[in-house]
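Trainee: would you be able to build a 3D model of this:
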Amino acid sequence: MRRRSLLLAAVPAGLVALAGCGADSLDPNSNEASPSPSASATPPPKIVDGPLPAITAGRKFGEKPTVAKGPGTPSKNLAVRTVIAGGGRTVAENEFIRADYLGQIWDTGKVFDNSYDRKRPLVMQLAQGSIIDGWRYALQGKKTGSRIQIAVPPAWGYGEGGNPKAGIKGTDTLVFVIDLIESFNSKSSAKGTPVPQTDAALPKVGTGTDGKAPKVTVPQTAPPKKLVSQYVLEGDGPELKADQTVLCQFQGLVWDGGKTFERTYGSGRLSQFSLQQMQEVVKGLAQGLTGKKVGSRVLIVVPPELAYGDKPPSGGAIKKGSTLVFTVDILAAM
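Mentor: Numbering: from 1, shown residues only. So this is what the prediction gives:
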């Protein structure tokens, strides 16, 4: 089983910030949705530039760093230092990031978590309730391509309770080195190469990459009997594996009539879900994404037996026996 990152706040993940969780919602955790970002009861931390321990090896962006123990007494404020300044886009609160990181305890230098060994960068939203506050405040305004080092006091980490499973006490200051690889917001799109759409029996999907919903034209013919999964834009990232979580833009339509029942495009939000969880909701969507490359736009046509069959969500556009059409922009995965 893949080890869960210790950085995630102690709240359900589900489909993070999924738009339109109504009658046709795809959310496998709709009864325990993640909290929306809201005003914190605690004022923002004061950000200072130190003290911070030395990085003694692995000093290049993307290399696993080795970090010395903390020098003396840590600050009670949030210490933040840009070790390597990147030239990418500036990250804002509530956006998603993809980042490699290493975390250790100030006093002992003990490493409690890192993504470098897993070779799967973290993909997470910089929003209250989604990630520890030390990261949320430290990374706002930083540019992708940057290496950031931070020291997080308990108030902005795991609080008085600490994280016993990770060996973190409620009094521990935590040190992180973070390689900020990419960021994503509600205007992000797949950026792959267009693939010819030559099958007249399948829907035609727009290839615009401006973050707006691509136009989908469903043919006035009978739907295919089997699952269809084809590239509209083919990216050059790694192929999705069945145990991964995907960050994406998507829209879902009903084949008969072409009515949209759910979408993130234009909603101000992105969708993040586990392919394993999606197997329990719309199996064909999970199967259609598995093996597709990050950075791609994919057309997926799901027959009823791999969707909702004769038990559709009540009160929505999806009826018994509906074939569903999805377009999915695969932005990132972990």
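
Trainee: quick check: closest non-adjacent residue to residue 140.
Mentor: Setting aside the residues directly before and after it, residue 140 is nearest to residue 93 in space (Cβ to Cβ, 6 or more residues apart in numbering), at 5.2 Å. For every residue, glycine as well, the C-beta is placed using N, CA and C.

Trainee: now do residue 144
Mentor: What sits nearest to residue 144 in space, not counting adjacent residues and going by Cβ to Cβ, 6+ apart, is residue 88, at 3.1 Å.

Trainee: burial check on the one you found, number of neighbours?
Mentor: Neighbour count for residue 88, taken as other Cβ atoms under 10 Å: 14.

Trainee: any idea which element it lies in?
Mentor: Per DSSP states H and E, residue 88 falls between elements, in no helix or strand.

Trainee: verify the stated contact: it with residue 184.
Mentor: No: using Cβ atoms under 8 Å, residue 88 is not in contact with residue 184, being 11.9 Å away.

Trainee: list the contacts of residue 308.
Mentor: Residues near residue 308 by Cβ atoms under 8 Å, 6 or more residues apart in numbering: 282, 318, 322, 324.

Trainee: how about these, which pair is most distant?
Mentor: Within these, 282 and 322 form the most distant pair, 11.1 Å apart (Cβ to Cβ).

Trainee: so in terms of bridging, what pairs with residue 253?
Mentor: residue 260, residue 325 (DSSP bridges).

Trainee: what number of residues lie near it?
Mentor: If you count neighbours by other Cβ under 10 Å, residue 253 ends up with 24.

Trainee: retrieve the pLDDT associated with it.
Mentor: Looking at residue 253, its pLDDT reads 98.

Trainee: I'd assumed residue 218 was in contact with it.
Mentor: Yes: shown here, residue 253 and residue 218 form a contact pair, counting by Cβ under 8 Å, at 6.7 Å.

Trainee: identify the contacts common to the two.
Mentor: Both residue 253 and residue 218 are in contact with residue 325, where contact means Cβ under 8 Å, 6+ apart.

Trainee: all the helices of the stretch 101-250 of the chain, residue numbers only.
Mentor: Listed in chain order, the helices of the stretch 101-250 of the chain (DSSP state H, counting those that start in this stretch) span 133-139.

Trainee: low-confidence stretches in the chain?
Mentor: 1-42 (pLDDT under 70).

Trainee: helix, strand or coil for residue 272?
Mentor: Following DSSP: H, G, I helix; E, B strand; the rest coil, we place residue 272 in the strand state.

Trainee: so it touches residue 249, yeah?
Mentor: No: if you go by Cβ under 8 Å, residue 272 and residue 249 don't touch, sitting 11.0 Å apart.

Trainee: residues contacting the helix or strand containing residue 285, please?
Mentor: Element membership for residue 285, per DSSP H and E: helix 283-289. Identification of contacts with helix 283-289 by Cβ under 8 Å, 6+ apart yields 26, 227-229, 240, 242, 246, 275-276, 278-279, 298, 300, 302-303, 306-307, 324, 326, 328, 330.

Trainee: rerun at 6 Å
Mentor: Outside helix 283-289, the residues within contact range by Cβ atoms under 6 Å, 6 or more residues apart in numbering are 227, 229, 240, 275, 278-279, 300, 302, 306-307, 326.

Trainee: pick out the most distant pair among those residues.
Mentor: Every pair of the contacts of helix 283-289 checked by Cβ to Cβ; the farthest is 240 and 307, at 19.4 Å.

Trainee: which of these two has more residues huddled nearby?
Mentor: Of the pair residue 240 and residue 307, residue 307 is the one with more neighbours under other Cβ under 10 Å, namely 24 against 21.

Trainee: next up, the contacts around that one.
Mentor: Taking Cβ under 6 Å, 6+ apart as the criterion, residue 307 is in contact with 282, 284, 324.

Trainee: go again with 10 Å.
Mentor: When contacts are counted by Cβ atoms under 10 Å, 6 or more residues apart in numbering, residue 307 touches 227, 252, 254, 281-285, 301, 318, 321-324, 326.

Trainee: go through these and say which is closest to residue 205.
Mentor: Set against residue 205, the nearest of the contacts of residue 307 by Cβ to Cβ is residue 326 (10.0 Å).

Trainee: which residues are in contact with the residue nearest to residue 140?
Mentor: Applying Cβ under 10 Å, 6+ apart, the residues contacting residue 93 are 37, 125-128, 136-137, 139-141.

Trainee: repeat for residue 323
Mentor: 218, 222-225, 228, 253-256, 284, 301-304, 306-307.

Trainee: without its sequence neighbours, what residue ends up closest to residue 294?
Mentor: Distances taken as Cβ to Cβ, 6+ apart place residue 237 nearest to residue 294, at 2.9 Å, with adjacent residues excluded.

Trainee: end-to-end on stretch 166-183?
Mentor: 27 Å (Cα to Cα, to the nearest Å).

Trainee: start at 9, not 1
Mentor: Right, with 9 as the first residue, what we last looked at is stretch 174-191.
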